[in-house]
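Visitor: Give me a model of this one.
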Amino acid sequence: MATPIGSGPQRHTVTIRASVRYRFWQGVLLLLAICFVLQVFSPLRLCFDAVVLLSMGESAAHGGGFFDSGQKTVLPPGYPALLAVLVRVGLAHSWAIIGLNVVFLSVGLFAAHSLLIREFFEDEAVALMICSLFLLSFVVIKYFTIPLTDVPFFCCATCCLAVVSQTRRMDWNWRFVMLTAAAWLLAFTALMVRRIGVALVPPLVFMIVCNSQLKALLRRLSPHTKLTIGAVSVFIGFGIVYAVAKTFTLADFIGIVKKSNISTMVLQVLSYRLTEFGELLVNVPMSRMPTRFHVMVPWVGLLLFLFTMFGLATKRKHPSPTEVFLVCYVGIMFAWPYYDARFWLPVIPLLIAYSALAVKKLRLPNAVVIIYCVVFVTFGFIAIAYSTRISFAGSKFPDRYGDGSLRPTYCAAFQSCPDGDRKSTRLNSS
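Guide: Purely as a prediction, here's the structure:
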């Protein structure tokens with residue numbers, strides 16, 4: 001009797017390979033977890049937005065509202081409120097702020113893994129690989145240690161998508177209602193952390209509208225009940241819009257639009273987005289690349305953009321709320337007239353996942369994919385090593401972190417610089 005294909009020794013070999021890949025990426029994730037936890041020992045790393053957020057938290061903690069030096073900002077109050085709590089309980093230290101990012105990153109990564117298994121890949125090794133590549137992105141490594149909203153937003157948004165992914169396959173019952181409420185709560189929390197959290201609203205509406213059981217239930221309801229549900233939905237919608245309008249503004253966006261020529265701004269934004277995509281694909285910030293390569297970065301970014309769009313297209317016949325979210329997120333980003341690769345941190349796992357679908361559909365040679373992954377991982381570990389070096393720099397931290405603009409501030413705070421530097425710092429501050 002002939003041995004069936006996929007059984008016997010051949011099937012055993014495939015099982016062993018799958019197990020080895022799964023254990024390998026488990027080991028990589030464990031190593032990365034250790035590396036990220038080590039960053040808790042870093043001194044407080046700052047940038048412009050971090051200073052504003054810390055100022056808002058400090059102001060709120062002392063009853064002064066969410067203001068930066070008495071001025072209203074365009075940033076939502078969610079993350080500053082968390083910082084205010086830390087200030088009030090006496091835990092506003094670097095290790096506590098970075099420790100919170102460890103928690104947010106861990107929870108978000110768990111949700112991302114769940115989402116990848118449910119929506120994209122049945123092979124857990126592939127899901128673990130994508131989670132590892134996410135952690136190895138220079139964007140995650142660079143901004144993980146800074147008190148910014150990106151990691152908390154990643155956690156809230158990904159948890160929301162994971163809950164939505166589970167909910168849309170459930171029967172209409174009380175558990176469905178509870179999970180739907182939880183998803184809306186997570187979306188609202190994400191919106192209070194980052195304004196782009198509004199991109200979570202369409203997928204939530206999509207989940208409800210496209211629920212077959214809900215459609216059948218609505219068909220059985222009386223016109224009066226339907227009218228009541230519609231009125232309540234409109235009331236809730238207006239309530240959300242009102243809360244958003246009162247919480248933050250788009251003054252920064254409107255200001256730059258008024259000052260710019262539309263065609264010029266469109267080309268500038270397109271250049272920004274493709275350059276950011278290029279940095280993500282190469283896994284190196286443009287500031288660290290040789291100048292002669294800068295002109296090539298947007299063209300490399302175009303490749304990642306096309307891969308992502310092609311991956312989205314592979315699911316066009318059966319779209320899910322995850323696709324709706326990414327389309328909305330990308331659409332908002334292509335209207336945002338500012339440049340920073342960290343804008344993409346919350347959706348990097350999705351960019352990798354859809355690109356992987358495109359690679360699979362296009363049947364790119366395995367050798368090309370493996371070589372790229374090796375280069376990406378290598379650059380990622382170099383970034384982690386550099387970040388760890390900064391974390392344990394001790395008295396040399398002011399010289400090793402940043403572009404030097406905040407060096408006088410760190411010299412004054414740590415009192416670790418030569419006397420000449422401290423004197424110049426005091427003179428400048430006076």
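
Visitor: Please give me every residue in contact with the most centrally placed residue in the chain.
Guide: Centroid check for the chain by CA atoms, centre = their mean gives residue 346 as the closest residue, at 1.2 Å. By CB atoms under 8 Å, 6 or more residues apart in numbering, the contact list for residue 346 reads 150, 153, 154, 157, 158, 194, 329. Yep, even glycine has a C-beta here, placed from its N, CA and C like the rest.

Visitor: Please apply the same query to residue 281.
Guide: Applying CB under 8 Å, 6+ apart, we find residue 281 in contact with 300, 301, 303, 304.

Visitor: separation between it and residue 275?
Guide: As judged by CB to CB, to the nearest Å, residue 281 and residue 275 stand 11 Å apart.

Visitor: which neighbours do the two share?
Guide: Shared contacts of residue 281 and residue 275, defined by CB under 8 Å, 6+ apart, are found at residue 301.

Visitor: Please point out which parts of the helix ranked longest in the chain sit buried.
Guide: As far as residue count goes, and with DSSP state H defining each element, the longest helix of the chain is helix 8-38. For helix 8-38, burial by neighbour count (16 or more other CB atoms under 10 Å) applies to 21, 22, 25, 28, 29, 32, 35, 36.

Visitor: What of stretch 67-79?
Guide: Taking 16+ other CB under 10 Å as the basis for neighbour counts, the residues of stretch 67-79 that come out buried are 67, 68, 73, 75, 76, 77, 78, 79.

Visitor: Can you name the element that comes right after the host helix or strand of the last one?
Guide: In this case it means residue 79. Under the assignment given by DSSP states H and E, the secondary-structure element containing residue 79 is helix 78-88. Sequence-wise, the next helix or strand beyond helix 78-88 is helix 94-119, with elements assigned using DSSP H and E.

Visitor: Can you give me the buried ones in that next one?
Guide: Neighbour counts using 16+ other CB under 10 Å place 94, 97-98, 100-102, 104-105, 107-109, 111-119 of helix 94-119 among the buried residues.

Visitor: sorry, back to before: pick the one among the contacts of residue 281 closest to residue 342.
Guide: Distance to residue 342, by CB to CB, is smallest for residue 301 among the contacts of residue 281, at 15.2 Å.

Visitor: which secondary structure element contains that closest one?
Guide: Here residue 301 sits within helix 297-313, counting by DSSP H and E.

Visitor: Give me the residues contacting that helix.
Guide: When contacts are defined by CB under 8 Å, 6+ apart, helix 297-313 is touched by residues 271, 273-282, 286, 289, 323, 326-327, 330, 351, 353-359, 361-362.

Visitor: now do stretch 108-120
Guide: 124, 126-128, 130-131, 134-135, 151, 154-156, 158-159, 161-162, 165-166, 320, 322, 349, 353, 356-357.

Visitor: Now render the contacts of residue 346 as CSV, adding distance to residue 394.
Guide: Compiled in CSV, the contacts of residue 346 are given as follows (distance: CB to CB, whole Å):
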residue, distance to residue 394
150, 27
153, 32
154, 30
157, 36
158, 35
194, 34
329, 40
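
Visitor: Check whether residue 75 sits in a helix, strand or coil.
Guide: Residue 75 falls in the coil class when you classify it by DSSP: H, G, I helix; E, B strand; the rest coil.

Visitor: What of residue 146?
Guide: What three-state DSSP gives for residue 146 is coil.

Visitor: Enumerate every residue touching it.
Guide: For residue 146, the set of contacting residues under the criterion of CB under 8 Å, 6+ apart consists of 45, 46, 47, 50.

Visitor: And residue 373, by the same measure?
Guide: Residues in contact with residue 373, defined by CB under 8 Å, 6+ apart, are residue 133.

Visitor: Where does it sit, in terms of helix or strand?
Guide: Under the criterion DSSP H and E, the helix or strand holding residue 373 is helix 366-391.

Visitor: Give the rounded mean pLDDT of that helix.
Guide: Taken as a whole, helix 366-391 carries a mean pLDDT of 95.

Visitor: Run the angle between it and helix 94-119 for me.
Guide: Going by axes from the mean of the first three to the mean of the last three CA atoms, to 10 degrees, helix 366-391 is angled at 160 degrees with respect to helix 94-119.

Visitor: Flag every buried residue along the helix holding residue 301.
Guide: Taking 16+ other CB under 10 Å as the basis for neighbour counts, the residues of helix 297-313 that come out buried are 297, 298, 300, 301, 302, 304, 305, 307, 308, 310, 311, 312.

Visitor: how close does residue 295 get to residue 179?
Guide: Residue 295 sits 48 Å away from residue 179, taking CB to CB as the criterion.

Visitor: Show me where the stretch 151-300 of the chain has its helices.
Guide: Counting by DSSP state H, counting those that start in this stretch, residue ranges of the helices within the stretch 151-300 of the chain are 174-193, 201-209, 212-220, 223-247, 251-259, 262-282, 297-313.

Visitor: Looking at those helices, which is nearest to residue 384?
Guide: Within the helices of the stretch 151-300 of the chain, the stretch nearest residue 384 is helix 262-282; the backing value is 16.5 Å (CB to CB).

Visitor: if you average pLDDT over that closest one, what comes out?
Guide: Mean per-residue pLDDT for helix 262-282: 93.

Visitor: Just the buried positions in that helix, please.
Guide: Residues of helix 262-282 classed as buried by neighbour count (16+ other CB under 10 Å): 268-269, 272-282.

Visitor: Now do that helix against helix 297-313, angle only.
Guide: Computed with the same axes, to 10 degrees, the direction of helix 262-282 lies at 80 degrees from that of helix 297-313.

Visitor: low-confidence ranges in the protein?
Guide: In the prediction, the chain carries residues with pLDDT under 70 at positions 1-14, 211-219, 226, 229, 233, 236-237, 240-252, 416, 418-430.

Visitor: just checking, residue 359 is part of a strand?
Guide: No: assessed by three-state DSSP, residue 359 does not belong to a strand; its assignment is helix.
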